[in-house]
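Peer 1: starting from these lines, generate the structure:
(2 chains)
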2 protein chains.
Amino acid sequence: MPDQAIPLQPVLLSGGSGTRLWPLSREAYPKQFLPLAGERTMLQDTWLRVAGLAGDAAPLVVANEEHRFLAAEQLRQVGVEHAAIVLEPVGRNTAPAIAAAALQAMAGGDDPLLLVLPSDHVVRDADAFRDAVRAASPAAAEGALVTFGIVPESPETGFGYIQAEPGEGVRRVLRFVEKPDADTARQYLEAGGYYWNSGMFLLRASRYLEELGRFRPDILAAVRAAFDAAKRDGDFVRLDKDAFAASPSDSIDYAVMEKTDRAMVLPVDIGWNDVGSWSALWDVSEQDGDGNARHGDVIAVDSRNSYAYARRLVALVGVEDLVVVETDDAVLVARKDKVQQVKDVVARLKADQRSHAVLHREVHRPWGSYDSVDQDDGFQVKRIKVKPGARLSLQSHKHRAEHWIVVRGTARVTRDNDVFDLHANQSAYIPLGARHRLENPGTGMLELIEVQSGDYLGEDDIVRYEDVYGRA
Amino acid sequence: MPDQAIPLQPVLLSGGSGTRLWPLSREAYPKQFLPLAGERTMLQDTWLRVAGLAGDAAPLVVANEEHRFLAAEQLRQVGVEHAAIVLEPVGRNTAPAIAAAALQAMAGGDDPLLLVLPSDHVVRDADAFRDAVRAASPAAAEGALVTFGIVPESPETGFGYIQAEPGEGVRRVLRFVEKPDADTARQYLEAGGYYWNSGMFLLRASRYLEELGRFRPDILAAVRAAFDAAKRDGDFVRLDKDAFAASPSDSIDYAVMEKTDRAMVLPVDIGWNDVGSWSALWDVSEQDGDGNARHGDVIAVDSRNSYAYARRLVALVGVEDLVVVETDDAVLVARKDKVQQVKDVVARLKADQRSHAVLHREVHRPWGSYDSVDQDDGFQVKRIKVKPGARLSLQSHKHRAEHWIVVRGTARVTRDNDVFDLHANQSAYIPLGARHRLENPGTGMLELIEVQSGDYLGEDDIVRYEDVYGRA
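Peer 2: Predicted coordinates:
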C-alpha cells in the first residue's frame, strides 16, 4: 500500500474575498474567518475536520497577504502553533495558489499528498469525508489527480459538474462541464453519473507540478520565481509580489484538471455546502417550525422561510423567503432567490469608494481591534481592544488629541518621556503631537474607550516611529 | 355673519402613542413629534397649517403628561412662545380630551370656536383646508358640531364613514358608520354621499360641553372635576390625576356625534392622510421611478414599491412591497400589506418589558438628550447633549463613576464643592458618590462623551438633590 508511506498535507485555500455574503463578509474579513455555520469559523472547522488524518502535520495555508494575522490567530485558537502560511500578494485563482502550496510542501524534501480544501465550505458528515480521503489516497499516491465529486441532491445551476465513468469508488473523469442551465441540470440528475465540482482535491505535490508544467508552464514558471524569491517571516512565506503578479490567473480546473488524462473523481455524499450565498447559508442553518433561521435577537410574526441575522433587534412581520442581515453599519434585505445580486450592491459600494465594501465597523489589527461607536464633526469615539502582550506602534498624530479611558484590563501607556500603567476606570490624555504608545502588559484583554478630538480624524493621520508588526 | 365675532381656537390633540409606526414612533416619542412627512414634525405642521386662521391666538394643546417638554419645545421652534398645554395624566380618548380643551378655552370668559385637530395627520392642500374651515364657521357659530368628512379616493376599510344628506357644503349627518368590510366600502364609494371620518371638528366650546353634558354627564363631571383641581405650572395645565382617571374613556364620535342632532359634515378634498401605518406613510412619501420611498442612505437593486428608512446603510435586493425601517437599536422588515401586525411586535416587546417599545436609543429629557452608543459588562458610553442654558439635576450615583469629555460647547461642572468650566477637548472625572451637576452656560449646544464605569449602570442609580425640572 504505497499511500501508507506518503504523508498527507492538508492545504487550506483561504484566498476568497466573499462578497456574496456581504454585509457579514467583507473584503478585509471574509467569510472563511466568520463563524457562519457553527461556533467556530469556517477556516477552523475546515482544519479540524481533517486534522486527525494528518498525523502531527500542521496545515499549510494559502492566504491573502491582508489576512495573515487573522489566519494565524484563528489557527492558534484551535491549537495550531505553527502553520506555514503562504501569502499571496495578489489573487491569481487556484492553479497558482496550489502550485505555491506544492512548492512549500516539497521544500523540506518531502513529496506529500496534498489534500486541497477551500476553507469556506461546510461538510456536515466529516466522518464520511475522512473515509473518502482515505479511499482516494491509493489512487493519488499512484499519480492520479483526484477530485471529490458531490452526489447531487437537486438540479443546481450554480455549480460546475463532473461526469464520471460508470463504476464504484475512484473513477476516471469523462469530462468537466460548466454551470448548466436548469434543463441540462435536470438531465444530469436523471441520467446519474454527474457530480458537483466541489473544488476539493487529493494529489501528490510533484505530480501536480508536473502536470501544471506540462499544460501551463507559464504559470509554473511565475509561481516558482515568486516562491524562490519569497521572504520568510516567522510562519509567513511572502511570495514575491512582482513575480507572482506576473502569473496568469487561472483555476486548477481549467489549467490542469480538464486537460490531464490523470483526472479521477471520487463521488461523495458528505453533507457538503459551499455556503456560496445567503440562501445556501439558510439551507445549512437550523430552522424553526416556520422555516426561519434566526441568529441573534429576532422576533418573527407571521413570517416564513427566511434568514435573519441580528446584532441588535430585528422584527419580521408578514414576510416570506427573505434574507435580512443586520450589522453595525449596514443592513441587507434581499429576496432569497435574488441573493446573487448582493454582489451588485458590493460593486456599487466599491465604485463609490465606500468602506462598507471592505471593512466592518469593527476593524481588526494584529494587536486587536477598534470599533468606531460614535462620531460627528470634530470628534470620534472608539472602543479599542488590545490582546494580552500586544502593543500598538509608537506613533503621533498631527490633527487630533486623544482621551483614553480604560474599562477593562491594564494599559501601559507611553506618552513622550513617561511610561505609566492605567487600570479600569482610569484615564489619560494624549495631547496633539505627543509621541505615544499603547500596550497590554496583562494576561487578559485590555479594553478602552478613546475619544478623539480634532479637525481631521482619518486613520491616515498617523506617524509611526516603531512597530512590532513591521508597519513603521 | 356671526362667525366674524367669534374667535377661532385651534386645539391640537397630541395624546397618541403611535405604536403603528414602530420602531420610529415609540411611546416616549410618538409619531406626532417626528418629521415623518416633511422637514417639520407633524405637530408643527398641524399648527402652521391653521396658524393664519387664528389671528394672534396660540394653539391649545392636549398632550400626554410624559410629552410636555417635547410639545412645548416643538411649538417654540415654530415661533409659539406660550401655548396652553393641557396635560392628561392618563389617556381617556377624545371626548374627555376635547372637554378639557373646551374648559380651558372658556376659562378666560371667551366661548371660541374650537378647531379640533389630531396632530399626526398630513394635509397636502392646506389652502383648501383653510377654506373649508372658513366655510364651516357660520354653521359652527350657529351651534352645529361640524365634522370634516374626507371625500374618499378608494374603498378603504381602515376608516369609519359618515353618510351625509345630499346637497352642497355643510350638511346634516345622516349617520356614522363603523369601519366597513371591503364589499360595503365599495358600495359606499359607488353610492356617493359617504365620507371618511377624519377626526377633525369645528364646534363652539360651550355647545360641545352642553351636548356632552346631555349624553355623557359622567364624562363631563369627571373632566370638570379634573380641570377644577388642575395645577398650573407655567404654560402647563396639569389635570388632576384621580379625577381625570375616573372619567370613562370614550371617543367624541360615540359620546356625542352619533347621538346629537346637531352633527353636520363638510365634505373636503384636501390631500388628507392619517399616516396610520407604514403603508400610509409610503403613500404620502415621495417615490422614485420604481415606486420606492427612500429616506437616508438606501441602495435599491431590482426592488419596487417599498419604503425604506435608514439611519446607517440599508441595501434592498430584489424585494417588492416591503417596509424596512432601520433605527439605532431595532430594524423592522414588514410586508406592506401586513403592517397592521407591527402592533403585535410592540405588544410582545411590552410583555417582555423591553425598552424598545417605549424608548429610542436616544432618550429625550427636558435638558437635552442622551444616547447610549456602546456598552458591555462594567461600562457604558453615552453621548450627552445639553441645550443652551439647561442644567441637569444635582445628583450622585452609588454604583458608578463617570468620565466626561467635552466635544462641543462649554460645560459648567459642579463636583462636590468645586464649580469649573470645561471646553471642547477637556475632561473631568466624577468619582463614585460625588455630588455633581452638569450645565450648559453657553449659547450653543453642549455635547460630551460620558464613560460610565461601575458594577451597575441602570438609569435608576441616581439620587437627585435639586432639579430645575421638578424631578428631585
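Peer 1: residues contacting the residue nearest to A:Glu81 when sequence neighbours are not counted?
Peer 2: Among residues not flanking A:Glu81 along the chain, A:Ala58 sits closest, at 7.6 Å (Cβ to Cβ, 6 or more residues apart in numbering or on different chains). Every C-beta, even on glycine, is put in place using the N, C-alpha and C of the backbone. The contact partners of A:Ala58, by Cβ atoms under 8 Å, 6 or more residues apart in numbering or on different chains, come to A:Val80, A:Glu81, A:His82, A:Ala83, A:Ala84.
Peer 1: in JSON lines, list those along with secondary structure.
Peer 2: Listed next are the contacts of A:Ala58 as JSON lines, based on DSSP: H, G, I helix; E, B strand; the rest coil:
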{"residue": "A:Val80", "secondary structure": "coil"}
{"residue": "A:Glu81", "secondary structure": "coil"}
{"residue": "A:His82", "secondary structure": "coil"}
{"residue": "A:Ala83", "secondary structure": "coil"}
{"residue": "A:Ala84", "secondary structure": "strand"}
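Peer 1: check these and tell me the two furthest apart.
Peer 2: Greatest spatial distance in the contacts of A:Ala58: A:Glu81 and A:Ala84, 11.8 Å, computed using Cβ to Cβ.
Peer 1: and these two? Which one has more around it.
Peer 2: Legend: neighbour count by other Cβ atoms under 10 Å in any protein chain shown for A:Glu81 and A:Ala84, higher for A:Ala84 (20 against 9).
Peer 1: now that one: how far from A:Met106?
Peer 2: Distance, A:Ala84 to A:Met106, using Cβ to Cβ, to the nearest Å: 12 Å.
Peer 1: what sits in contact with each of those two?
Peer 2: Residues touching both A:Ala84 and A:Met106 (Cβ under 8 Å, 6+ apart): there are none.
Peer 1: next, the residue nearest to A:Glu81: phi, psi?
Peer 2: Reported as degrees, to the nearest 10, the phi and psi values for A:Ala58 are phi -90, psi 160.
Peer 1: which other residues reach stretch A:338-356?
Peer 2: Contacts for stretch A:338-356 (Cβ under 8 Å, 6+ apart): A:19-23, A:26, A:277-279, A:323, A:329-330, A:332, A:334, A:357-358, B:299, B:301-302, B:313, B:315, B:317-319.
Peer 1: quick one: the closest residue to chain B within the stretch 101-250 of chain A and B:His82, what's the gap?
Peer 2: Nearest residue of the stretch 101-250 of chain A to chain B: A:Gly158, at 16.1 Å (Cβ to the nearest Cβ). A:Gly158 sits 67 Å away from B:His82, going by Cβ to Cβ.
Peer 1: neighbour-wise, which of those two wins?
Peer 2: More crowded of A:Gly158 and B:His82, by other Cβ under 10 Å: A:Gly158, with 14 against 11.
Peer 1: looks to me like that one is in a strand.
Peer 2: No - under three-state DSSP, A:Gly158 falls outside any strand and is assigned coil.
Peer 1: check contacts around it.
Peer 2: Neighbours of A:Gly158 in contact, by Cβ under 8 Å, 6+ apart: A:Lys179, A:Gly276, A:Ser277.
Peer 1: helix/strand/coil for the residue lying closest to the last one once chain neighbours are set aside?
Peer 2: So that's A:Ser277. Nearest residue to A:Ser277, sequence neighbours excluded (Cβ to Cβ, 6+ apart): A:Val339, at 4.8 Å. Secondary structure state of A:Val339, per three-state DSSP, is helix.
Peer 1: run a quick neighbour tally on A:Val339.
Peer 2: 24.
Peer 1: got the phi and psi for A:Trp36?
Peer 2: Check again: residue A:36 is Leu, not Trp. A:Leu36 has phi and psi values of phi -80, psi -30 when expressed as degrees, to the nearest 10.
Peer 1: the closest residue to A:Val407 other than its chain neighbours and B:Leu438, how far apart?
Peer 2: Of all residues beyond its chain neighbours, the one nearest A:Val407 is B:Phe379 (3.9 Å), with distances taken as Cβ to Cβ, 6+ apart. In this view, B:Phe379 and B:Leu438 are 19 Å apart by Cβ to Cβ.
Peer 1: A:Val346 too?
Peer 2: In terms of Cβ to Cβ, A:Val346 sits 44 Å off from B:Leu438.
Peer 1: what does A:Ala126 give?
Peer 2: In terms of Cβ to Cβ, A:Ala126 sits 58 Å off from B:Leu438.
Peer 1: neighbour-wise, which of these two wins?
Peer 2: Higher neighbour count among A:Ala126 and B:Leu438: B:Leu438, with 28 against 15, using other Cβ under 10 Å.
Peer 1: who's in contact with the closest residue to that one other than its chain neighbours?
Peer 2: Once flanking residues are discounted, B:Leu438 sits nearest to B:Leu392: 4.8 Å by Cβ to Cβ, 6+ apart. With contacts defined as Cβ under 8 Å, 6+ apart, B:Leu392 is in contact with B:Arg365, B:Trp367, B:Val386, B:Arg437, B:Leu438, B:Glu439.
Peer 1: mind redoing it with 7 Å?
Peer 2: B:Trp367, B:Arg437, B:Leu438, B:Glu439 (Cβ atoms under 7 Å, 6 or more residues apart in numbering or on different chains).
Peer 1: of those, buried ones?
Peer 2: Listed as buried from the contacts of B:Leu392 are B:Trp367, B:Arg437, B:Leu438, B:Glu439; burial here means 16 or more other Cβ atoms under 10 Å in any protein chain shown.
Peer 1: can you name every helix or strand that whichever strand or helix holds the third one contacts?
Peer 2: This points to B:Leu438. In this assignment (DSSP states H and E), B:Leu438 forms part of strand B:436-439. Here strand B:436-439 touches strand B:394-396, strand B:411-415, going by 3 or more Cβ pairs under 7 Å, 6 or more residues apart in numbering or on different chains; DSSP states H and E.
Peer 1: no further queries at this time; thank you.
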